[in-house]
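Peer 1: Next comes the sequence, and after it the predicted model I'd like to discuss.
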Amino acid sequence: MPALVLLGAQWGDEGKGKATDLLGGSVDYVVRYQGGNNAGHTVVVGDQKYALHLLPSGILSPGCTPVIGNGVVVDPSVLFSELNGLNDRGVDTSKLLISGNAHVITPYNVTVDKVTERFLGKRKIGTTGRGIGPTYADKINRVGIRIQDLYDESILTQKVEAALDGKNQLLTKVFNRRAIEVGQVVEELLSYADRLKPYVADTVLVLNQALEQDKVVLFEGGQGTLLDIDHGTYPFVTSSNPTAGGACTGAGVGPTKISRVIGILKAYTTRVGSGPFPTELFDEDGEALRRIGGERGVTTGRDRRCGWFDAVIARYATRVNGLTDFFLTKLDVLTGWEQIPVCVAYEIDGERVEELPYSQTDFHHAKPVYEYLPGWSEDITKAKSFSDLPKNAQDYVKALEEMSGAPISAIGVGPGRDETIEINSFL
Ligand code: IMP
C-alpha cells in the first residue's frame, strides 16, 4: 500500500515543498492533514517560484489530486487568494478536494490569536497570527465551525452564537475590545459557501478507496516534529500534530495503511518564533546561514533563528515518527566552512545527555556538545549522485545518517526542482 508521510523532522521550514513536489509527479494524491495557512512551502518550478501556505504542494503537479484533510483548519479568504494567485499563473486547481469536516478559521479566531499574543507580552509564543491556535481550541471545546456548517444557515448561526458568547465576554471585559457581531460573521462565512462547494468532499472515503485501488497517496505535514502540540517544545509549539500519527487522525486513514514515513531534515537547524533551541547561533556563522540559506519565513517574513545541525533532535524525530527515511535538504548552504560543528549530545547541569530531555526545564538548560566535521569548498549544486559529492560532504552526510537513526535517501543540493540527489527511491 503506497501511503507515504512526509514531515518536518526539526522545527519546520526544512524544505518540504521541494520534497513533496519532487514526488508529486508520481503521486496520485497529496494530502495536508493538519495546520493551516501558518505553513509555508516554497516550490521552485523552472524559473517560477511559488509560495504556498495552505494548499498542498501537489497542486503544482497536473496528474495529482490535492486534498485538504479533516485535520486542517481553513481560512477561506486565504484559500481563495492562493487559488486566484495560482490560476493567474495558469495553474489548474480544479481537482482540489476539501474535507467537509475541516474546521474554518473565522475572523474572530484571528482576532483572538493576535489579542492573546499581545496580552502575553514577553511570554508570547510568537504565533503566525493566523488564528490557528484559537481555531483548534474551538474545535476541542466543541464550538468550532466546520466547512459543512456553511451549507446550513440555521446551524451556522447557532454555532457562531455559541462560539461568540464566551469570546465576546473575554474581548470586551478582559481585552477591552469591541464585541464581534454574530450576523456579520455569519454573512461573511456564507459568502464563501458557493465558491467552496465544488471542492467539498468526503475525503476519508476518497482516500481509503484510492488506497484500496493501490493509488499512491502522500501525506504532507506542515510545520515540524518539534512544533507538535504533544511531542514538541510545548508551549512553544503549534496547535496540531505534524508528527506521523497526525496523518491518521487528520486524514482518516488507519496506521496500518502507512508504508513509509520520511523526515525532512535540514543540514543545519532553524526555528521561527519563541522557545528553546540549543544550537542557536548569535554570531556571524548564524548570520551567514541565514543569508546563504535564505532563512526568512515564507508566511510571516520573519528572520528565522539559525544554528548547527542537532543530532539529538534528529534521533528524537526518528523515534516519535517511526521514520523510515530522511530527505536531507540544503546541504549546499554549508559549502565553504572549513569545519562544521554538529551537536551530538547535550550537557545539562554538567552531565552529558544523549537523548532529548523529557523535562522542559532541562531542555531549556541544554548546552550543545559539538563534534567538528571537516567542511568542503567545492560547488555541489550540480551533483547528481552521491559519488559526485566531495569526500568531506559525503562523510558529513554519512555521519548525520549514523547519528540520526534512519537512512538518508535523498539530498537537496540547491533550490531547483532537479537539484536533488536520489539515493533510494521513495516509491
Ligand atoms: P501558530 O502555528 O501560528 O500557532 O504558531 C505557533 C508556533 O509555530 C510559532 O513558534 C510559529 O512560529 C511556529 N510555526 C507555525 N507554522 C510554522 C511553519 O510552517 N514553520 C515554522 N514555524 C512555524
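Peer 2: Happy to help now that I have it. What you see is a predicted model; the values in this text were computed from it and never measured. Numbering: from 1, shown residues only.
Peer 1: helices and strands around the helix or strand harbouring Glu187, which ones?
Peer 2: Secondary structure from DSSP states H and E places Glu187 in helix 182-196. Applying 3 or more Cβ pairs under 8 Å, 6 or more residues apart in numbering; DSSP states H and E, one finds that helix 182-196 contacts helix 76-88, helix 107-120, helix 153-169. Using the backbone N, CA and C atoms, a C-beta is placed for each residue, glycine as well.
Peer 1: do you know which of the ones you listed lies nearest the ligand?
Peer 2: Closest approach to the ligand among the helices and strands packed on helix 182-196 is made by helix 107-120 (7.1 Å; Cβ to the nearest ligand atom).
Peer 1: Residue numbers of the stretch 51-200 of the chain in contact with the ligand?
Peer 2: Residues of the stretch 51-200 of the chain lying near the ligand by Cβ under 6 Å from any ligand atom: Ile125, Gly126, Thr127, Thr128, Arg130, Ile132, Gly133.
Peer 1: at 8 Å instead, please
Peer 2: Residues of the stretch 51-200 of the chain lying close to the ligand by Cβ under 8 Å from any ligand atom are Asp113, Ile125, Gly126, Thr127, Thr128, Gly129, Arg130, Ile132, Gly133.
Peer 1: I'd like these laid out as a markdown table, including pLDDT and secondary structure.
Peer 2: Formatted as a markdown table, those follow (pLDDT from 0 to 100; DSSP: H, G, I helix; E, B strand; the rest coil):
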| residue | pLDDT | secondary structure |
| --- | --- | --- |
| Asp113 | 95 | helix |
| Ile125 | 89 | coil |
| Gly126 | 89 | coil |
| Thr127 | 92 | coil |
| Thr128 | 91 | coil |
| Gly129 | 93 | coil |
| Arg130 | 95 | coil |
| Ile132 | 97 | helix |
| Gly133 | 97 | helix |
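Peer 1: And for the residue nearest to Ile180 when sequence neighbours are not counted, the neighbour number?
Peer 2: Excluding its sequence neighbours, the residue lying closest to Ile180 (Cβ to Cβ, 6 or more residues apart in numbering) is Tyr108, at 4.9 Å. Neighbour count for Tyr108, taken as other Cβ atoms under 10 Å: 24.
Peer 1: Let me see the contact set for Leu211.
Peer 2: Contacts for Leu211 (Cβ atoms under 8 Å, 6 or more residues apart in numbering) come out as Met1, Ala3, Val217, Val253, Lys257.
Peer 1: how about the helices in the protein?
Peer 2: Applying DSSP state H to the chain gives helices spanning 16-24, 76-88, 107-120, 132-140, 153-169, 182-196, 203-212, 244-251, 284-293, 311-321, 360-365, 391-404.
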